[in-house]
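**Student:** what follows is a predicted structure for the sequence shown.
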Amino acid sequence: MSLNSSSRSATSNSNSKRSVTSNSNSNPSTSGNNSCRNNDKRNRKRKTDQNQKTLGMAWGANSRSSSRSAFRNSPFPDFGSYMVMKNQKLHQQFDADASSSSVSGACSGKPIFDGVSIFVDGYTVPSSQELKGYMLKYGGRFENYFSRHHVTHIICSNLPDSKIKNLRSFSGGLPVVKPTWVLESVAANKLLSWIPYQLDQLASETKKQPKLSAFGFKSGPVLDDLEESISGQAVPQSGIATLRTSCSLEANIFGKAECTEEVEECHSVSDDPFHPNAAESADQAPTYCMENHCEVELDAAVVVQSDAGYHSHISPCQDPKSDHNDCLEDHIIEESSSSKTIRPSTTGHSTLSDANFVENYFKFSRLHFIGTWRNRYRKRFLSSANGFKDMNPSRNAFATSQKTTIIHVDMDCFFVSVVIRKHSDLKDKPVAVCHSDNSRGTAEISSANYPARNHGVKAGMFIRDAKALCPQLVILPYNFDAYEEVADQFYDILHKHCNKVQAVSCDEAFIDVTDLRVEDPELFARAIRTEIHETTGCTASAGIAGSMLMARVATRIAKPDGLCYIPSEKVDDYLHELPVKALPGIGHVLEEKLKKKQINTCGQLRLISKESLQKDFGVKTGDMLWNFSRGIDNRLVGVFQESKSIGADVNWGVRFNDLNDMKDFLLKLCKEVSLRLQGCGLKGRTITLKIKKRRSDAGEPVKYMGCGDCENLSRSVTLPMATDDVDVFQRITAQLFGYFHIDARDIRGAGLQASKLESADRNMRGHEKYSIRSWLVSSPARKSSMAKGKGDQLYSDIGPPVQARGSFSGGEAYVAHRATLPALHDLDVGVIESLPPEVLSEINDLYAGELISFISKKKEKNAGNNVMDEEQSLSNPLVPPNKDFVHNVAEKIKSSEKEDEQYINKMIQGLPETSGSVTALLPETDSLMPSSLSQVDSSVLQQLPEELLADVLESLPAHRRPDFMSNDVYLDHIRDQTGAIDFLPSNNLWVGNPPRWVDNFRLSSCQLLNRIAVLYNKSSPRGQFSSVLQLIMSEYPLDDGGDDAVNCLCELMKQYIKLKIETDVEEIYTCSCLLRRLTSRSELFLQVYNCIIPHLQAAVGETYGGDLNICFIE
Amino acid sequence: MERKDNNQAKAPQGEAARILTEFLEVAISCIIFLKGVYPHGAFERRRYMNVVVHRARHPQLRDYIHSSVNGLLPFIQKGLVERVVVIFFDNEDFPIERFVFKVNLNLSYGSKVEQSDLEFSLRSFLIKLPVSESLTKLLPRGCRWEITAYFRALPEASTSKDSELIWIPTDTKQWQQPPLITPIKSMNSEPLGVQLYLEHPSLSEPKP
């Protein structure tokens, strides 16, 4: 094997890299003695016996320099053996890394990616390095060089067109999947089916109607190469068979399987039966994939099914429908039975005795009720909250001019009064709510009514202490259903009265009544309180003030069952003696700090300057203290606040004997959190595990089963993908718990939290929101509107000719025209004359015979001048014509008269103030706008200044937009009538989409300009002139167009420079460089170039204070 | 480079400004690397926005870039900064080459800034920079460099928070003639527009 021969074979193949990598022989070790002519034949043979063929080698062999210079002195005889060594070494390195970094088999029996070997192609997110990391960690392999025999999956985010077209030679039939597959597999801790993650470009390809060839020639790797090479005759047959299969399958219960062909395919259907894509792309399914799946979940259904599938493959005449159905059903039944979990419910008071401790714990927790109530509220009142959000801007506008009035409504001792609302005999007796009524117990009182409070009973007290203070205290249990009912009633009332409600808790809310312009807020609040009392049987207190802060202070004063109004002038009096602790945002710590500085009341706080407060407590807190002590609160009564994290904490009754108990407990906690997340439709990315660990010196806590004195430990981990899956939570928490190295007997509490929440909905769709697809989806609607527009046009051909010029002057004039036939003087004689005689007579009838005489008069006028005569106006209140005629006929009129367009241009340019009036009218008079753009003369729009145009377009019905300027009929008319249109320099060549100049150029008599217009449509990215120039570069010969073309191009470039100079000097520079290169090809471009350079330099100098680094060409 | 969570960057512009400063820090490091002012061993390969970049190893050098760019953050947030320029000058303070970042932050932009959107555009700078070496000039020996910011208006008397940053006037001389501009990369997305171009002394510039 000589070096010479290797380089020769490389050169012979170098004209097509693809072909080298796919089917031609690239390994120098055998290529030397074969000629290129019998390449194909030899390939087939070689494929079977050679197992070390890599793309890397192929590419390497292509680069002649490396094979010559680098290996002259190297120990390797040739490049091929070098690559073999290199690959070996890379594998060894990888193995070494893997053994050190892979996760231990403690939580998962088998690594996720066992048997998977990925090759990352091109740029991906996450990067190839990260993917390699995942592979290392979870037992997969990572190949630096592509090899059909080692790689099982190709990971890439994007593929160039050439690779898509020639997918088979690129991928060797291996699956091409998106990197999310890896991420989600990691997140799910099992190997997911790759089919849903197939590259979009391919997936959309296969979603189309399957072609016959697709079945035969793209068959999956189950057929090995040998089989493939002999399957030439068999292919068409099996193709037909599978088509039949697919037809029959479409009728099956899933209705989703579109085509099935190979073993893996059937398998993939069974693997995730609900996935719509499951069966669509089996023609790329790999052997490896099947093996893996079977290993992962080797259940009977799969085995049977793959048998069935294989069966269908080898005996194409047999209809496998029944087998499929049976298997799939089996599978489903199996799944559903396993998902049902029925557990005996027992009661007990600790994790030791109660198997369902976690569920029961939360069932009887008041804090849990308050916490989960928020979600309930959100679901129930979200729509009204949204409505309120929409009104926000107007509120902000008024906020300054109007004095705000905010009412704070708070139910009086909610948890007690709801329970006793039906027991009038208990009203005046001391009552407290607690989950236990053991009078000697250490259960804490959660809420006490006012008679009880008078005895000194407080929330948070142990029952035995409360009983000591007040022996006649009645202890009642929670009634969560009643709480829910009353809270809903409470909010129903508030939302009925006012749409700006901010819920604080289930029994407490702010409402902003500023916009309601209530005469007497006290009366209003009283009405609400009365209604609450009548509906719920419980009392509520209300505070009214100008800000949320003061409203809350007022409620404090009003309680119980009262009302307090603090007008702005009295704010200072109320605040002066208010203890600082009463202010929101001041907790124990801050209160202690303030106490140290001898500050107890707001009055004392007010004496301190803002600067020193900021210095002592930080900028934000200092600012808050300063503001609050003066009653300043700029918070707005806002919408419901989204929760930042969702979790579940248990710190009562937690006792474990060993680690297994703890593991069970964690599992339940995971289930709880997962359920809560699902309830909110959210997924979390960060998972935090908190553990309360008994301090070594702490004994059994005073409170029965309480947590006592504890150390708080916490660990968290952030996942690559947000999740709400129990399995993932369980795995992660087990991992996190492992880090603590803690004795299970010391655990007194545990909490699991998910944060970095993402909406599950968004999660599903990924970034599709931003993808081009979302734009494409709406295109059918556009098309139909386009078709409609065309229909209108056809209709207009037989409609009465109506001159729409009057409508240019403004919206009002336009309305007048819609109601009646246009006045005779507005009609254009040219059009009317060219109409067929029968149409003409019809129109003449409409105008009561005036038309004919009008035309003859008009002719005389036209000979003199082209100006409309106002005195000619005739008012003819006749049948209202179809409004859509107006514009289209106007177009025809225009096309008939060559000078007409110029006339319109003049007219528009001469009337800048009238076009201004159009915008002025727009905001209020949406109804004045034509319902379709087809009624609008596009040339008028084109003449409008850019910002004005944007406004007009915006106020038009959105679906009509594409009609605009794609008016081929119109253009053809012009071309017919005028032959060639003169290019009119106007200021807005770049307005619109496609920009104006495209149409202008297309109609030009100059072939070069025509060509440029065509190229514009081919260019990408669209809208960048540099891409057009780039395409021109590859066109030849370039014919010269004469002075007109030069002028047009110059004008175009000048306007482009003006448009882009501020924001995109790079584009301008690219354009001028390309132009410069074009100068050598064509005299025309030389002229253009030299014409625009001075202009360009002036523009650059103006904006950037320098000259662009390009020079003038002589 | 490390991502820092900045509490003050809550508003859309704040977020954009934060992303911009982070990007500038990286981009300036790359420019310094590209120009070979220091030996290549003074830099290490890092990954930023999923592309390979170079970061200075020497703590002082890293700190200079970091502190000067981050010192600009409050001003960028207010939309005061117009250009951030990396100037290479010879030992007579005569500028040889200037890398200009022209910044345009839309302060009235209301909606949320998606970091990934900006990243996509900013990444293209980092990709384009290394291949733009041919556009730049070979620096003579003994060159020095500095980061200079050009403001749209003089900033108001600095508040207590920013006072610790000391901005010093530059000694670098000005060119007499308008410079030659070679654009390298432009991006223009909401709310942030950045343009990177080179400035070289004009051919008619009197030599010192």
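**Tutor:** Received it, and whenever you're ready, just let me know what you need. Residues are numbered from 1 along each chain as shown, chains lettered A, B, ... in the order given.
**Student:** which ones are touching residue A:662?
**Tutor:** The neighbourhood of residue A:662, defined by Cβ atoms under 8 Å, 6 or more residues apart in numbering or on different chains, consists of A:656, A:737, A:744, A:747, A:750. To be clear about C-beta, it is placed using only N, CA and C from the backbone, and glycine gets the same treatment.
**Student:** could you find the closest non-adjacent residue to the third one?
**Tutor:** Translated: residue A:744. residue A:656 (4.2 Å; Cβ to Cβ, 6 or more residues apart in numbering or on different chains).
**Student:** if we can go back for a sec, ok, so of the contacts of residue A:662, who is nearest residue B:51?
**Tutor:** Proximity of those to residue B:51, judged by Cβ to Cβ, is greatest for residue A:737, which lies at 38.1 Å.
**Student:** and the helices in chain B?
**Tutor:** Taking DSSP state H, the helices of chain B run over residues B:12-35, B:59-77, B:115-131.
**Student:** any idea which element residue A:485 lies in?
**Tutor:** Here residue A:485, judged by DSSP states H and E, is contained in helix A:480-497.
**Student:** which secondary element of chain B has the worst mean pLDDT?
**Tutor:** Least confident helix or strand, chain B: helix B:115-131 with a mean of 85, by mean pLDDT, DSSP states H and E.
**Student:** ok, residues contacting it?
**Tutor:** Under Cβ under 8 Å, 6+ apart, the answer for helix B:115-131 is A:767, A:770, B:15-16, B:19, B:23, B:26-27, B:30-31, B:34, B:48-51, B:53, B:184-185, B:187, B:189, B:192, B:194, B:196.
**Student:** compute the inter-axis angle for that helix and helix B:12-35.
**Tutor:** Orientation check (axes from the mean of the first three to the mean of the last three Cα atoms, to 10 degrees): helix B:115-131 against helix B:12-35 gives 20 degrees.
**Student:** output helix B:115-131 in CSV, but only the C-alpha positions, please.
**Tutor:** Only the C-alpha atoms of helix B:115-131 are listed here, as CSV (Å, rounded to 0.1, in the frame of the first residue of the first chain):
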residue,chain,number,x,y,z
GLN,B,115,-31.5,35.5,26.6
SER,B,116,-31.4,32.8,24.0
ASP,B,117,-32.6,35.3,21.3
LEU,B,118,-29.9,37.7,22.0
GLU,B,119,-27.4,34.9,22.4
PHE,B,120,-28.0,33.7,18.9
SER,B,121,-27.1,37.1,17.5
LEU,B,122,-24.3,37.8,19.8
ARG,B,123,-22.7,34.4,19.1
SER,B,124,-22.2,35.4,15.5
PHE,B,125,-19.8,38.1,16.7
LEU,B,126,-17.7,35.6,18.5
ILE,B,127,-17.7,33.4,15.4
LYS,B,128,-16.9,36.2,13.0
LEU,B,129,-14.1,37.8,15.2
PRO,B,130,-11.5,35.1,14.7
VAL,B,131,-11.9,35.0,11.0
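**Student:** and that helix, how far out from the chain middle?
**Tutor:** 14 Å (Cα atoms, centre = their mean, to the nearest Å).
**Student:** show me where the stretch 601-750 of chain A has strands.
**Tutor:** For the stretch 601-750 of chain A, applying DSSP state E, counting those that start in this stretch gives strands covering A:645-650, A:682-694, A:710-723, A:747-759.
**Student:** got CSV for the ones you listed, with mean neighbour count and distance to chain B too?
**Tutor:** Formatted as CSV, the strands of the stretch 601-750 of chain A follow (neighbours: other Cβ atoms under 10 Å in any protein chain shown; distance: least, Cβ to the nearest Cβ, whole Å):
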stretch, mean neighbour count, distance to chain B
strand A:645-650, 21, 17
strand A:682-694, 22, 14
strand A:710-723, 16, 13
strand A:747-759, 21, 13
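**Student:** to residue A:133, which of the ones you listed lies closest?
**Tutor:** Closest approach to residue A:133 among the strands of the stretch 601-750 of chain A (Cβ to Cβ): strand A:710-723, 10.7 Å.
**Student:** what angle sits between the closest one and strand A:682-694?
**Tutor:** Per the same axes, to 10 degrees, the angle that strand A:710-723 makes with strand A:682-694 is 160 degrees.
**Student:** strand A:710-723 pairs with which strands, and in what direction?
**Tutor:** Here strand A:710-723 has these sheet partners by DSSP bridges: strand A:682-694 (antiparallel).
**Student:** what does chain B put close to chain A?
**Tutor:** B:47, B:50, B:102, B:104, B:116-117, B:160-161, B:178-186, B:188, B:193, B:195, B:197-200, B:202 (Cβ under 8 Å from any Cβ of the partner chain).
**Student:** can I see the domain layout of chain A?
**Tutor:** Using the TED database, the domains assigned to chain A come out as A:111-201, A:404-629, A:643-761, A:996-1113.
**Student:** identify the residue spatially nearest to residue B:52, adjacent ones excluded.
**Tutor:** Per Cβ to Cβ, 6+ apart, closest to residue B:52 is residue B:45, 5.7 Å.
**Student:** that neighbour reaches residue B:54, doesn't it?
**Tutor:** Yes. If you go by Cβ atoms under 8 Å, residue B:45 and residue B:54 touch, sitting 6.3 Å apart.
**Student:** and those two? which has more neighbours close in?
**Tutor:** residue B:54 (20 against 9; other Cβ atoms under 10 Å in any protein chain shown).
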